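1. quick one, fold the following:
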Amino acid sequence: MTLNSIKVEDSSGNTNDGTEASSSSSSSQPNGVHKVCLPPHRTTFQKLRHRLSEIFFPDDPLHKFKNQTALRKFVLGLQFFFPVFEWGPKYNLMLLRSDIIAGITIASLAIPQGISYAKLANLPPIIGLYSSFVPPLIYSVLGSSRHLAVGPVSIASLVMGTMLSQAVTYSKEPTLYLQLAFTSTLIAGCLQAAMGFFRLGFIIDFLSKATLLGFMAGAAVIVSLQQLKGLLGIVHFTNKMAIIPVLTSVFENRNEWMWQTIVMGGCFLIFLLTARQISARNPKLFWVSAAAPLVSVILSTVIVYLIKNETHVIPTIGHLPKGINPPSVNKLHFGGPYMALALRVGIITGILALTEGIAVGRTFAAMENYQVDGNKEMTAIGLMNIAGSCASCFVTTGSFSRSAVSYNAGGKSVVSNIVMAATVLITLLFLMPLFQYTPNVILAAIIITAVIGLIDYQGAFRLWKVDKLDCIACLSSFFGVLFISVPVGLLIAVGISVFKILLHVTRPNTNALGYISSTRSFQSLSRYTTAVRIPSFLIIAVEAPFYFANSTYLHERTLRWIREEEDRIKTNQEPPIKCIIIDMTAVTAIDTSGIDTICELRRILEKRSLKLVLANPVGNVMEKLFNSNALEAFGLDGLYLTVSEAVDDISSSWKPEKGPAQPLTI
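-> Got it, this is the predicted structure:
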């Protein structure tokens, strides 16, 4: 059979044998059946270039450079790599006033949080302040989000502290611990910058929102329980990050509990939670929650200072060195037995930091109706962590709590990060002696207040209501963190996300379609009660690409659809099936296994005197079917533009067999 016998033409109007289609037949056959066009001809190189462009450059980042002068292209290039050149010329005093207020406000939150999150990572408190100074300055030059407030965050701090402490403890080997922390930060920064430069942001999408919801909730519970060490004044405490060892350690060391820390910690915890509730109920009072940590630090420090001669039982931070960040290039540790650990910590914390930073940046960008380039953000966050690793900083990213405070305080640009960094600089240079009497218990209370916000039980309820599989993924991640460990919980989260993808790919949806006369369309019979079956036809819709991973399933499921339909027909004594139509509207891609499956189905059905017809294959699917010569076996009436045309055309060919009956018209 020649290709000319199939109703196929290319997009230029040429029939498949190379002749020019006439104006009367280029759009339809004499019986009114439209031809199925091939996509425009492209070389293999053109197809590869288009595919890579869609994968790595879906936003066409260079569209601004088209038809521009050399000077304009240079300016646009500077703005592309350094967003400060884009917003800088438009900056004015009114914006500066708003950013100064926002910067000072978030600094009041960033200083106590920085100290607390450093403790969470089992690092010296001063490292938290260092990490709130250099990274915000780097981000203010390279970042594209106007509202992202940069600094240490709870999740990355928690994971770093947990993973490093399993092999090395700061109390026993402080130098090695710092080396591994800074090296992990450098690895995280290199990974983030590389992902941004090579536009690999889609990798972080494997951490679905459902699994992250469970992971963060589990981590929040574990972190809160770990802070019982500070709230109860326990000296000997487990380093394990699972609920059973933590609770066991709490009750086995009851003799170390101190009523002084319990009273102080309980009072300030109630104060912080109350302030959080006030701000949550009335957004105009955002400053209450923002100022509460700093107020708590000041009040607790004053109280401990006043009673220092009465009692020395309340542990304090102690002496913190004054001065700006010392260089840490000489502390970067490559090679040796702990290199694999630093690599693992860097990769995991880097991906988590990216996920949180980009999510926060996009959230506030959507609220203010501007766009954030995810790949630029990855590069900016990566470069600031690379710089931070050389300036005594650990992993930093955009913080949701500080960004929310900045937004509510009226922050208009990344200048608020510069103001925050300047405030931290003043603290580092002149105010460090004031923290000498700050009690550890207040840091525990601040951490608990911060991480409680990560427990989104309403989100879990929504998952159960909308998608049970997502809810199972969320709970699996949650219990994995809670009862095993944080890294294992994260692996469970990633594993479930990948499993969900594979499940949808290998077991796609298929539906039997019926005709709805009022809409003149074919829809699922199980979904629409008004849809009716077409006598002698079985119409099946496949809602996924036809790949090697699901071709066997689709083959078996199609035969099952036919068997079930034949059983139903036999029961109801209806006319037998003569034709099976596969609606390929949602089949976005096909490979050789899929093509072989379709051909095998056609041969099996032909032996049973059943006709197989394909309807509306998309461009690249049509091209592969055509190039594989699979269409030759389908003949003149085996390929149609729509299901309606297929039913009309095929049923009209049965007219002589039906005698005086009228042909079926859709």
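
2. beyond the helix or strand of the chain with the lowest mean pLDDT, next helix or strand please.
-> Lowest on mean pLDDT, DSSP states H and E among the helices and strands of the chain sits strand 8-10, with a mean of 56. Sequence-wise, the next helix or strand downstream of strand 8-10 (DSSP states H and E) is strand 36-38.

3. and that following strand, what does it pack onto?
-> For strand 36-38, the packing partners by 3 or more CB pairs under 8 Å, 6 or more residues apart in numbering; DSSP states H and E come out as strand 8-10, helix 619-627. Using the backbone N, CA and C atoms, a C-beta is placed for each residue, glycine as well.

4. need those in JSON lines with distance to D470 and mean neighbour count, can you?
-> Converted to JSON lines, the helices and strands packed on strand 36-38 look like this (distance: least, CB to CB, whole Å; neighbours: other CB atoms under 10 Å):
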{"stretch": "strand 8-10", "distance to D470": "42", "mean neighbour count": "19"}
{"stretch": "helix 619-627", "distance to D470": "30", "mean neighbour count": "18"}
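
5. which of these sits closest to T169?
-> helix 619-627 (56.1 Å; CB to CB).

6. pairing partners for whichever helix or strand comes after that closest one, with directions?
-> Following helix 619-627 in sequence order, the next helix or strand is strand 639-640 (DSSP H and E). When pairing is defined by DSSP bridges, strand 639-640 lines up against strand 611-615 (parallel).

7. the helices and strands packed on strand 36-38 into a markdown table, with extra columns for distance to R557?
-> Below are those laid out as a markdown table (distance: least, CB to CB, whole Å):
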| stretch | distance to R557 |
| --- | --- |
| strand 8-10 | 28 |
| helix 619-627 | 19 |
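
8. which among the ones you listed is found nearest to L431?
-> Smallest distance to L431 across the helices and strands packed on strand 36-38 (CB to CB): 63.4 Å, for helix 619-627.

9. hey, where'd the helices end up in the stretch 301-450 of the chain?
-> 339-367, 374-389, 400-408, 415-426, 440-452 (DSSP state H, counting those that start in this stretch).

10. lowest average confidence across the helices and strands packed on strand 36-38, which one?
-> When the helices and strands packed on strand 36-38 are compared on mean pLDDT, strand 8-10 scores lowest, with a mean of 56.

11. F537 contacts E574, doesn't it?
-> No - look at F537 against E574 with CB atoms under 8 Å: they stay out of range, at 11.4 Å.

12. compare those two and say which is more crowded by neighbours.
-> Higher neighbour count among F537 and E574: F537, with 24 against 13, using other CB atoms under 10 Å.

13. list the contacts for that one?
-> Shown in contact with F537 (CB atoms under 8 Å, 6 or more residues apart in numbering): I577, K578, C579, I580, I581, V647, I650, S651.

14. and C474, how many neighbours does it have?
-> When neighbours are counted by other CB under 10 Å, C474 registers 28.

15. now name the helix or strand holding it.
-> Applying DSSP H and E as the criterion places C474 in helix 468-483.

16. mind listing what's buried along that helix?
-> By neighbour count with 16 or more other CB atoms under 10 Å, helix 468-483 contains the buried residues D470, C471, I472, A473, C474, L475, S476, S477, F478, G480, V481, L482.
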